[in-house]
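Trainee: Here you go, sequence then predicted model.
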Amino acid sequence: MRSRLVVCLALLALWAAVAGARLYRLQVERHELYREKASRQQQGAIRLHAPRGTFYDARGRELAVSMTVESAFAVPYEVEDPAATAAAVASVLEVDQAQLAAELVEPRSFVWVARQLDPPQAKELRALDLPGIHFLEESKRYYPQRELAAQVLGFVGVDNQGLGGLEARYDETVAGEALERRVLRDARRGHSLYAERSLTEPEPGDDLHLTLDATVQYILERELARGLETFRGRSAVGVVLDPRSGAVVAMASVPGFDPNHYQDFPEANRRNRPVQDAYEPGSTFKLITAASVLDANLADPTDVFDCERGGISLYGKRINDHRSFDRLTFGEVIAKSSNVGAIKLGLLAGPERLHDAIERFGFGRLTGIDLPGESPGLARPLESWQKRSVAYISFGQEISVTPLQLALAFAAIANGGVMVQPHVVDLGHRPRVAGRPISESTARSLERMLEAVVEDGTAKRAAVPGYTVAGKTGTAQIAIPGKGYVAGRYVASFVGFVPARAPRLVALIAVDEPRGPLYHGGDVAAGIFSATMRQVLLYLGVPPDRRETAPWRDADRIAAAGSGPTTALR
């Protein structure tokens with residue numbers, strides 16, 4: 001009997017030793033491992049994003065804001081009938097019913113049902129009172145002016161990440177600091193809840209104050225849309241700059257999109273074409289050729305050139321003009337946009353000087369604007385030029401530029417030969433000088449030539465009553481890789497500044513592939529420029545600089561002041 005007791009005690013002691021060792025291993029040696037495992041079983045985390053900073057236009061009007069909305073999530077352990085619950089949710093929201101039903105039967109403590117619901121949707125889903133379906137507040141990006149400046153502003157994904165435009169470029173600045181909230185589950189896994197609101201909230205992002213003027217932007221977009229409809233083009237772009245500061249006052253691409261529902265629009269509509277797309281500029285580039293000649297004192301505006309009655313032969317190739325010209329002065333070559341005259345100017349300058357002018361005006365490299373996806377265009381190095389390259393480049397072929405680059409080149413002329421850094425966000429700094437491509441005297445001579453283009457040349461439709469206007473038209477053929485230039489396909493453009501003698505604004509207008517009898521830059525883009533500037537100058541209160549009184553009509557005043565969307569922008 002005693003021996004039996006000893007054996008039992010020994011076995012009991014051995015069991016206690018083993019159990020103690022096991023408990024020591026679990027509670028001491030592996031304490032942190034099991035504590036973390038228990039934490040994962042008992043709670044999860046939801047990352048709540050901070051409200052993004054507000055975007056304001058130059059006059060303090062809101063262009064992008066953050067608003068609080070509700071998101072729906074499910075706790076699968078609480079859902080009584082996954083299939084019926086998924087069907088009920090799908091009857092209210094646009095969700096994949098089968099996928100949601102599958103997620104609701106998984107052994108998980110948290111499943112997103114729908115993010116950032118519109119208030120009516122959230123109200124309708126709440127009314128169903130479905131077991132296991134809960135709600136929490138999130139921040140959602142909202143663009144109160146909808147399509148206005150959409151390509152510049154960009155858009156934001158459901159996870160608060162900037163996906164285009166300023167939203168992407170300044171994402172770290174405007175996104176703020178996110179916060180994690182805990183989701184708890186009891187021991188029976190039969191009940192879950194998200195933790196009480198903590199004393200700390202997500203840290204909002206910083207605001208951005210832009211150089212864009214919402215009313216100028218609206219006028220530009222409206223006139224581009226009207227021009228696109230009238231001339232049946234594929235797309236149209238516009239840029240309005242302050243030549244003194246480099247501030248972008250308006251930048252538009254039509255057709256556009258609504259960033260509140262960006263996923264409903266094709267990717268092409270979301271491209272910021274004035275910055276991202278390069279094209280052969282055609283005759284607007286003749287000003288760069290003229291600048292290379294004038295700045296080297298190789299000719300005066302009154303010098304006469306033989307324009308060969310409509311064509312010139314170079315190295316066995318005949319290059320035709322858009323019409324027959326005989327003898328034209330330097331100024332008339334620009335005013336009437338003679339290709340032969342421009343070629344002779346380019347040959348006078350020579351490849352080195354012409355290439356140098358291209359570089360000094362910034363073509364072939366990024367402008368450094370604070371927008372993502374900028375294209376540098378294409379300006380080939382001098383050593384890769386062919387024997388006829390000077391001739392073609394002289395009138396805007398064999399080179400590609402972005403609308404922004406070309407507008408900046410004209411801004412340098414308007415600014416007395418000084419080029420400034422373009423920008424969309426107003427940081428309160430002095431204008432940053434990006435170079436001096438030409439002398440002040442050359443800029444003034446070019447200014448007078450550009451005035452003649454509007455007064456007596458190809459851009460008469462660009463005239464603005466009461467103001468002097470300087471500018472240049474372009475009708476560029478569109479080249480298809482491997483096929484060359486395609487008949488009947490053009491980019492019609494106009495670049496100009498106003499008032500010509502004391503420029504306040506530089507604007508570029510370009511329409512891609514206008515269809516019909518009118519397709520030249522002077523017929524298409526010049527008229528859009530005039531319609532836009534008439535309203536913008538009135539809105540900005542820029543006094544006329546011509547002696548005659550500008551014949552403003554009541555309709556013009558109403559259009560400039562705005563109705564509909566612009567009323568909200570005042």
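Mentor: Received, thanks.
Trainee: name the helices or strands packed onto the strand or helix carrying residue 346?
Mentor: Residue 346 is located in helix 339-360, with elements delineated by DSSP states H and E. Applying 3 or more Cβ pairs under 8 Å, 6 or more residues apart in numbering; DSSP states H and E, one finds that helix 339-360 contacts helix 286-295, strand 304-306, strand 311-314, strand 317-320, helix 330-335, helix 389-394. Heads up, the C-betas are built off the backbone N, CA and C, glycines and all.
Trainee: Looking at these, spot the one closest to residue 465.
Mentor: Nearest to residue 465, of all those, is helix 330-335, at 20.4 Å by Cβ to Cβ.
Trainee: quick one: contacts of the closest one?
Mentor: Residues from elsewhere that reach helix 330-335 (Cβ atoms under 8 Å, 6 or more residues apart in numbering): 286-287, 290, 293, 299-305, 307, 338, 341-342, 344-345, 448-450, 452-453, 456-458, 472.
Trainee: ok, back up a step: among the helices and strands packed on helix 339-360, which is nearest residue 491?
Mentor: It is, among the helices and strands packed on helix 339-360 and with distance given as Cβ to Cβ, helix 286-295, at 15.1 Å.
Trainee: Could you list the alpha-carbon positions for the closest one in CSV?
Mentor: Extracted C-alpha coordinates of helix 286-295, given in CSV (Å, rounded to 0.1, in the frame of the first residue of the first chain):
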residue,chain,number,x,y,z
LYS,A,286,8.2,81.0,-86.6
LEU,A,287,8.6,83.5,-83.7
ILE,A,288,11.6,81.4,-82.4
THR,A,289,13.2,81.5,-85.9
ALA,A,290,12.6,85.3,-86.0
ALA,A,291,14.0,85.7,-82.5
SER,A,292,17.2,83.9,-83.5
VAL,A,293,17.7,86.3,-86.4
LEU,A,294,16.8,89.5,-84.6
ASP,A,295,18.9,88.7,-81.5
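Trainee: what's the offset of that helix from the middle of its chain?
Mentor: 31 Å (Cα atoms, centre = their mean, to the nearest Å).
Trainee: what is the orientation angle of it with helix 339-360?
Mentor: 80 degrees (axes from the mean of the first three to the mean of the last three Cα atoms, to 10 degrees).
Trainee: Roughly how far does residue 334 sit from residue 436?
Mentor: From residue 334 across to residue 436, the span is 22 Å (Cβ to Cβ, to the nearest Å).
Trainee: Compare neighbour counts for these two and give me the winner.
Mentor: Neighbour comparison, residue 334 and residue 436: the larger count goes to residue 334, with 28 against 15 (by other Cβ atoms under 10 Å).
Trainee: List the buried residues for stretch 136-143?
Mentor: 138, 139, 140, 141, 142, 143 (16 or more other Cβ atoms under 10 Å).
Trainee: can you put these in a markdown table and add secondary structure?
Mentor: Formatted as a markdown table, the buried residues of stretch 136-143 follow (DSSP: H, G, I helix; E, B strand; the rest coil):
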| residue | secondary structure |
| --- | --- |
| 138 | strand |
| 139 | strand |
| 140 | strand |
| 141 | strand |
| 142 | strand |
| 143 | coil |
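Trainee: Which member of the residues you listed is positioned nearest residue 103?
Mentor: For the buried residues of stretch 136-143, the nearest to residue 103 is residue 138 (19.3 Å; Cβ to Cβ).
Trainee: Am I right that the closest one is in contact with residue 66?
Mentor: No. The criterion here is Cβ atoms under 8 Å, and residue 138 misses it with residue 66 at 9.9 Å.
Trainee: What is the neighbour count of residue 405?
Mentor: Close neighbours of residue 405, defined as other Cβ under 10 Å, add up to 28.
Trainee: Just to be sure, it is in a helix?
Mentor: Yes. Assessed with three-state DSSP, residue 405 lies in a helix.
Trainee: Tell me, what's the model's pLDDT at it?
Mentor: Confidence at residue 405, expressed as pLDDT, is 98.
Trainee: With residue 532 instead?
Mentor: For residue 532, the predicted pLDDT is 98.
Trainee: And it, how far from residue 222?
Mentor: 9 Å.
Trainee: How about residue 490?
Mentor: Relative to residue 222, and taking Cβ to Cβ, residue 490 is found at 23 Å.
Trainee: More neighbours: these two, which one.
Mentor: Shown here are residue 490 and residue 222; by other Cβ under 10 Å, residue 490 has more neighbours (24 against 20).
Trainee: what lines up beside the one helix or strand that one maps to in the sheet?
Mentor: Assigned by DSSP H and E, residue 490 falls within strand 484-498. The strands beside strand 484-498 in its sheet (DSSP bridges) come out as strand 470-480 (antiparallel), strand 505-512 (antiparallel).
Trainee: Buried ones in it, by neighbour count?
Mentor: 489, 490, 491, 492, 493, 494, 495, 496, 497, 498.
Trainee: Distance across stretch 419-432, terminal residue to terminal residue?
Mentor: 9 Å (Cα to Cα, to the nearest Å).
Trainee: Apologies, that question was intended for stretch 494-508.
Mentor: Note: stretch 494-508 ends 6 Å apart using Cα to Cα.
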